[in-house]
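Trainee: Give me a 3D structure for the following:
(2 chains)
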There are 2 protein chains.
Amino acid sequence: MKPTIHDVARTAGVSISTVSRVMNAPETVTEQKRLRVQEAIDLLQYQPNGFARGLIYKKSGTLGVMIPDIENPYYAGLLRGMQDEAVRLGHSLMICNTDRDKDRLIAYIQSFYEKQVDGIVFASDALHLEYFEEMQRYRMPIVLASTNAPDYDIPSIDIDDEQAAFEAVSYLLDSGHSHIGMISFPPADTISGWPRMEGFRRALRERGMPAEEAPVAYAAHRYEDAYTVTAELLASNPMLTAIFAASDEFAMGAISYLRDHGRRVPEDLSVVGFDDIRMAGMYIPKLTTIAQPVYEIGVRAVRKLHELAIGGHVETLREKLPHKLVVRESSRRL
Amino acid sequence: MKPTIHDVARTAGVSISTVSRVMNAPETVTEQKRLRVQEAIDLLQYQPNGFARGLIYKKSGTLGVMIPDIENPYYAGLLRGMQDEAVRLGHSLMICNTDRDKDRLIAYIQSFYEKQVDGIVFASDALHLEYFEEMQRYRMPIVLASTNAPDYDIPSIDIDDEQAAFEAVSYLLDSGHSHIGMISFPPADTISGWPRMEGFRRALRERGMPAEEAPVAYAAHRYEDAYTVTAELLASNPMLTAIFAASDEFAMGAISYLRDHGRRVPEDLSVVGFDDIRMAGMYIPKLTTIAQPVYEIGVRAVRKLHELAIGGHVETLREKLPHKLVVRESSRRL
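Mentor: Coordinates of the predicted model:
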């Protein structure tokens, strides 16, 4: 039979309320009694339930993860990496989908605090001041995955988005394309938006091409948005021979639009994506794209959070992992 | 300033340890004192932290969700439905990825118990006796989503897989196909495997065609498996004009294999999938498939779990939601 709080009290020779106080308000119990209770707990292998255990050990064994959109396949690889590393380190993951909704996000931070998670991985969204302050209020360790916060000292793991976009567009230029349009996240998106657009422009600028007025269409986060804006991009720029899409979902949206309107990829237009989600290699045509090491980002984010939660600091504050251009079927040399 | 346990004790006119006992072992406190403490808590709007609160209210506001494979896009729609309904009901979701690993699954059940989740949604996998017993041991409310357990009285929401497969194959037969192969989950899979294969066979049988020896290739859960077995299926059955795939991922694997080997879909072969995941409408060609109401399954599963956790029982034990054949581009009339 499982030992109860009564057994612990009897073994330690103290009252039940003393055991309870050791668990809830240890500072109100003398050290001598506290040790006796702790010994009894160890001896009996008493397992208080989760809530009580959190109170004793101050570690819940759970890490919280916040992602913006569970239907976006980008997160699947990231979560897989986090999950595998969490299992290795003996943690469980509590994954919450924020929908980029401010109120929900703040409610989740409070909920994480109440469940006494050991820390939070905040994935892929810009860390607004408000969120940061809320997390600071609860003093919860936090690590950023696939995003970064240059203004605060928060550990982060991501890639160099500007450089990656620069390489993707340089590849198109090297392949003979000179009329290149971009489907970008909104410029206000300081993580995936602005830096990738800057990389696109730098590549053009370095070849002496007009960069500021280069054709850019903005899509929110989804395939359907990209499908729609591809129409506008092509209507205003009928000469385009290539499109650089800021995500693989955008690339698929663009390719579907082109294909539904009688244009072949890559014969008529080349399309390059970004991310290398699982679907990129399953799509027809298979996507040329920038491979982000999403699995590895997930693994390192959890490892870093573990390091931070245990030791109070991390060795490297900001890590940039290497990306890679993967040339498949959706692009061709002119 | 936030009230502390000390303020509660002072207001109730009891000792800290009494407040603590009310939270941890209320049966050791007289009813009179218990009420005084509860009144003080209400008056001060004292918020014990998550662990302690669980001990008082016996509800954590959190629902646990177990899914087999977070990288499988099928779960995205399901989780989206669960999430939206959980938000509506004021719950948060704790999502765990089991990888169909028995030890991990059992560890998660224990972890859910320790965190005192109000209940578990177990999604899409067969509920083995061992899991069931483990959940029973902790007396946690449980609801099955996209799966069912005919042997136990556990609430479930899914579709009629046999009938849906029957309709998909009947559609191919009606379109003039008489050489139809299937890519199936392993027959030991009592949820997505055996019933869908039975529906395939029944459709053939009803037309007086040989059903037992009909060409079936087995794939595990992924695109890559389906890609591989499509080669075998075609090698042994060169006459095939159509393939019924037991999932959209399998359909994409088959289409990719065909396309990589110079066969066009639907011109040379028709392919019909199952699930209608988000990608089905984004793929090229867009998939003809059986649409499962995954979002609605997710919504109802959480609603049912809420009903069960609050009231101790559900009105309808087993629900089958309607499916629908969606004809898109990957199939054609012969």
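Trainee: give me the number of residues near the residue in the stretch 201-334 of chain A that chain B sits nearest to?
Mentor: Nearest residue of the stretch 201-334 of chain A to chain B (Cβ to the nearest Cβ) works out as A:I284 at 4.8 Å. (Glycine included, C-beta is placed from N, CA and C.) By other Cβ atoms under 10 Å in any protein chain shown, the residues close to A:I284 number 19.
Trainee: got the residues of the stretch 201-334 of chain A near chain B?
Mentor: A:223, A:252-253, A:255-256, A:259, A:278-279, A:282-284 (Cβ under 8 Å from any Cβ of the partner chain).
Trainee: Can I get those residues in CSV including distance to B:D69?
Mentor: Compiled in CSV, those are given as follows (distance: Cβ to Cβ, whole Å):
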residue, distance to B:D69
A:Y223, 22
A:M252, 22
A:G253, 25
A:I255, 26
A:S256, 26
A:R259, 30
A:R278, 11
A:M279, 15
A:M282, 15
A:Y283, 20
A:I284, 23
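Trainee: Same list (those residues) but as a markdown table, adding pLDDT.
Mentor: Shown next, in a markdown table, are these (pLDDT from 0 to 100):
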| residue | pLDDT |
| --- | --- |
| A:Y223 | 95 |
| A:M252 | 98 |
| A:G253 | 97 |
| A:I255 | 98 |
| A:S256 | 97 |
| A:R259 | 95 |
| A:R278 | 92 |
| A:M279 | 94 |
| A:M282 | 95 |
| A:Y283 | 96 |
| A:I284 | 95 |
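Trainee: looking at the residues you listed, which has the most residues close by?
Mentor: A:I255 leads those on contacts (other Cβ under 10 Å) with 29 neighbours.
Trainee: chain center to the helix or strand it falls within, what's the gap?
Mentor: Here A:I255 sits within helix A:248-260, counting by DSSP states H and E. How far helix A:248-260 lies from its chain's middle: 24 Å, per Cα atoms, centre = their mean, to the nearest Å.
Trainee: can you list the residues that contact it?
Mentor: Helix A:248-260 is touched from outside by A:72-74, A:183, A:219, A:221-228, A:230-231, A:243, A:245, A:264-265, A:268-269, A:271-277, A:279-280, A:283, A:285, A:287, A:289, A:330, B:282, B:284, with contacts defined as Cβ atoms under 8 Å, 6 or more residues apart in numbering or on different chains.
Trainee: As a check, name the ranges of all helices in the stretch 1-150 of chain A.
Mentor: Taking DSSP state H, counting those that start in this stretch as the criterion, the stretch 1-150 of chain A carries its helices at A:5-12, A:16-24, A:31-44, A:50-57, A:74-88, A:102-114, A:129-137.
Trainee: just to revisit the earlier point, which among the contacts of helix A:248-260 count as buried?
Mentor: By neighbour count, with 16 or more other Cβ atoms under 10 Å in any protein chain shown, the contacts of helix A:248-260 hold A:72-74, A:183, A:219, A:221-223, A:225-228, A:230, A:243, A:245, A:265, A:269, A:271-277, A:279-280, A:283, A:285, A:287, A:289, A:330, B:282, B:284 as buried.
Trainee: The residues you listed in helices, which ones?
Mentor: A:74, A:223, A:225-228, A:230 (DSSP state H).
Trainee: so where's the stretch 51-200 of chain A shaky on pLDDT?
Mentor: For the stretch 51-200 of chain A, the stretches with pLDDT under 70 are A:51-60.
Trainee: Alongside chain B, which residues does it contribute?
Mentor: Checking the stretch 51-200 of chain A against chain B by Cβ under 8 Å from any Cβ, the hits are A:51-55, A:60-62, A:70-71, A:73, A:76-77, A:79-80, A:83, A:87, A:92-97, A:104, A:107-108, A:111, A:113-116.
Trainee: Please enumerate the strands of the stretch 101-250 of chain A.
Mentor: Counting by DSSP state E, counting those that start in this stretch, the stretch 101-250 of chain A has these strands, from start to end: A:119-123, A:142-145, A:156-158, A:180-184, A:216-218, A:242-245.
Trainee: so which of the ones you listed is the most packed in?
Mentor: Highest mean neighbour count among those (mean count of other Cβ atoms under 10 Å in any protein chain shown): strand A:242-245, with a mean of 30.
Trainee: Distance of A:S17 relative to chain B?
Mentor: 4 Å (Cβ to the nearest Cβ, to the nearest Å).
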